[in-house]
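J.: have a look at this fold, sequence not included:
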């Protein structure tokens, strides 16, 4: 069998999810399941048998139940915003044993935010059966999980330090995950050229101060020349039925539960 990454979109929604509380727009009242979006996250299975969660939003429990996820070897974070970290305590189900630890990878500011919000998990005093026992690692440059090299991709998104992630495997090729960005510096763009897969923020058709719009993301995808590009992190201004048909041939709108197999051809 060919060496491949398997990527599952656990959630493809913006910070307030879709449907939005109190909103009666056409998307929030749509019967199309592709217009129903939990908070943004992915689950990655590597060719060498390891698996990782990327971000843990407030919908993590229901996402894991929906996809049958009962194991992860590590958790990676793109940034510290609430919709990307506040499912953290649900990770306790991955450290049930008294000595079970879960590696957590994030930049320094995100780790500080996690430690402030979930101090009880980091203080070393609650190492009991069934409790969450994280083992923090600061992302300061490329690192390896198994045979996969993971490279942080600094991007500009609001006022917090934010990264995308580039996954490179010697047999399964390369893919990048950038769920929250408004501007991508040239140094990060150069690392993402000619990917097997690009997963990119595309919040909505209209411009936004902290997120890429659909038109902006289409231009980036065209410039980077990935074999395939999938957009994610949508607001309720993104109707799957209306926006999807307008995209270039190798660009698509992801949805909750979508699975992609990516390998080097």
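T.: Sure thing, it's come through. Since the structure is predicted, the reported quantities are computational estimates derived from the model, not experimental observations. Numbers count the residues shown, from 1 in each chain.
J.: ramachandran angles for the residue nearest the centre of the chain?
T.: Most central in the chain under CA atoms, centre = their mean is residue 41, positioned 3.8 Å from the mean C-alpha point. With angles defined as degrees, to the nearest 10, residue 41 sits at phi -170, psi 160.
J.: residue ranges with poor pLDDT in the chain?
T.: 1-2, 264-265 (pLDDT under 70).
J.: where exactly do the strands run in the stretch 151-265 of the chain?
T.: Along the stretch 151-265 of the chain, counting by DSSP state E, counting those that start in this stretch, strands occupy 162-169, 173-178, 197-201, 229-232, 251-253, 259-262.
J.: contacting residues for the residue nearest to the centre of the chain?
T.: 9-11, 53-57, 59-60, 63, 84 (CB atoms under 8 Å, 6 or more residues apart in numbering). Bear in mind the C-beta positions are built from the backbone N, C-alpha and C, glycine included.
J.: make a markdown table out of these and add distance to residue 186 and secondary structure.
T.: Shown next, in a markdown table, are the contacts of residue 41 (distance: CB to CB, whole Å; DSSP: H, G, I helix; E, B strand; the rest coil):
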| residue | distance to residue 186 | secondary structure |
| --- | --- | --- |
| 9 | 28 | strand |
| 10 | 31 | strand |
| 11 | 30 | strand |
| 53 | 30 | strand |
| 54 | 24 | strand |
| 55 | 25 | coil |
| 56 | 30 | coil |
| 57 | 30 | coil |
| 59 | 34 | coil |
| 60 | 34 | helix |
| 63 | 34 | helix |
| 84 | 25 | helix |
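J.: which one of the residues you listed is nearest residue 190?
T.: residue 54 (22.0 Å; CB to CB).
J.: any idea how far that closest one is from residue 230?
T.: 14 Å (CB to CB, to the nearest Å).
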